[in-house]
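1. Provide a 3D model corresponding to the input given below.
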Amino acid sequence: MPQKVTPYKDSNLGKKEQVTKMFDTISKNYDGLNRVISFGIDIKWRKKVVEILKKEKPQSILDIATGTGDLAIALVKTGAKKIVGLDISPGMLAVGKDKVTDKKLNSTIEMVVGDSEKLTFEDNSFDAVTVSFGVRNFETLNTGMAEILRVLKPNGTLVVLETSVPTKTPYRQGYSFYTKNILPLIGKLFSKDDSAYGYLSESASVFPHGENFNNILREIGFIDVTNKPQTFGVASIYVAKKANIYF
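-> Numbers count the residues shown, from 1 in each chain. Model prediction:
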């Protein structure tokens, strides 16, 4: 059954339009709030994604839900010659484009507006695809993951960094208190759209993390699926491959 994540409760718009509006609204504060909310640990998680892909030596990478481009910029260290950062939010991309230009990476990184569930790229286009804190925002998870599989080259690698819910005591209880009480408060203090951070907490809590997400990837057609919990399980890195095609 297709997996859907609870929508952003803002209006009568569809989820994609609502999520776009939400991220456009918080785009200028997003980077700073990310550092505060995660205590800066998100930087460490992204470095792990880069280390995983560096071993694969990809020449082309698609970074879906690139946001303000943090992961796309970090992925330059893999040695890839072409990195495409795709996001549905023009506001987030505008911030990302400025960062790419400041770092003089325009010849390597291209930032484009796009829908993760309707990718415009041809089949077998990229050596690797990454998604950092974005799959829980897909309107229909299975559709988005199937599109990723389609644009991956045979033997290509998918790496997903996403929030998850700790399973062990006392981390589970601490995570629940923080996401339900502290996270929305931080959003209210630093952002015009405090409800957005309530959504981020809610969407993380209902996302099918861990083995549930592994099984979705397998059902879509990915192979060699593994997940690596990070920092007591508050985030997870998922790695999967597209099978070789033999004729």
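2. hey, what's the residue nearest the centre of the chain bridged with?
-> Nearest residue to the geometric centre of the chain (CA atoms, centre = their mean): Ser132, 2.5 Å. For Ser132, the beta-bridge partners under DSSP bridges are Leu161.
3. Okay, helices next: where are they in this protein?
-> 15-38, 41-54, 70-74, 90-102, 141-151, 171-177, 183-190, 194-206, 211-220 (DSSP state H).
4. Kindly compare burial across those and name the winner.
-> Between these, helix 70-74 has the highest mean count of neighbours, a mean of 24, where neighbours are mean count of other CB atoms under 10 Å. The C-beta positions use only the backbone N, C-alpha and C, and glycine is treated the same way.
5. Contacts for that helix next, please.
-> Helix 70-74 is contacted from outside by 31, 34, 42, 46-47, 49-50, 61, 63, 66, 83, 85, 96, 99-100, 103, 105, 109, 111, 130, 132, 161, using CB atoms under 8 Å, 6 or more residues apart in numbering.
6. for stretch 99-113, same thing?
-> 66, 68-69, 72-73, 76, 80-88, 90, 93, 96-97.
7. now do the same end-to-end measure for it.
-> End-to-end distance of stretch 99-113 (CA to CA, to the nearest Å): 16 Å.
8. got it, and stretch 137-157?
-> 21 Å.
9. From the chain's centroid, how far away is it?
-> The chain centre lies 12 Å from the centre of stretch 137-157; the measure is CA atoms, centre = their mean, to the nearest Å.
10. Also stretch 24-37?
-> That offset, for stretch 24-37, works out to 15 Å (CA atoms, centre = their mean).
11. quick one: average confidence on it?
-> For stretch 24-37, mean pLDDT rounds to 73.
12. And for stretch 227-246?
-> 91.
13. What residues of that stretch count as buried?
-> For stretch 227-246, the neighbour count (16 or more other CB atoms under 10 Å) marks 227, 229-230, 233-242 as buried.
14. can you list the residues that contact it?
-> With CB under 8 Å, 6+ apart, stretch 227-246 has contacts from 41-42, 45, 48-49, 52, 149, 152-168, 171, 175, 209-211, 213-214, 217, 221-226.
15. let's see 6 Å
-> Stretch 227-246 has contacts (CB atoms under 6 Å, 6 or more residues apart in numbering) with 41, 45, 149, 152, 154-161, 163-164, 166, 171, 175, 209, 214, 217, 222-226.
16. Repeat that for stretch 42-55.
-> Under CB under 6 Å, 6+ apart, the answer for stretch 42-55 is 34, 71, 74, 77-78, 128, 159, 161, 230, 235.
17. Need the per-residue pLDDT for Thr108.
-> So, for Thr108, pLDDT stands at 98.
18. Please state the backbone phi and psi of it?
-> Here is the backbone geometry of Thr108 (degrees, to the nearest 10): phi -110, psi -40.
19. Out of the buried residues of stretch 227-246, which two sit at the greatest distance?
-> Distance extremes for the buried residues of stretch 227-246: the farthest pair is Val234 and Lys242 at 28.3 Å, using CB to CB.
20. burial count for Arg136?
-> 24 (other CB atoms under 10 Å).
21. Chain neighbours aside, what residue packs nearest to it?
-> The spatial neighbour of Arg136 that comes closest, neighbours along the chain excluded (CB to CB, 6 or more residues apart in numbering), is Phe207 at 4.2 Å.
22. Look up phi and psi at the one you found.
-> Residue torsions, per degrees, to the nearest 10, at Phe207 are phi -70, psi 140.
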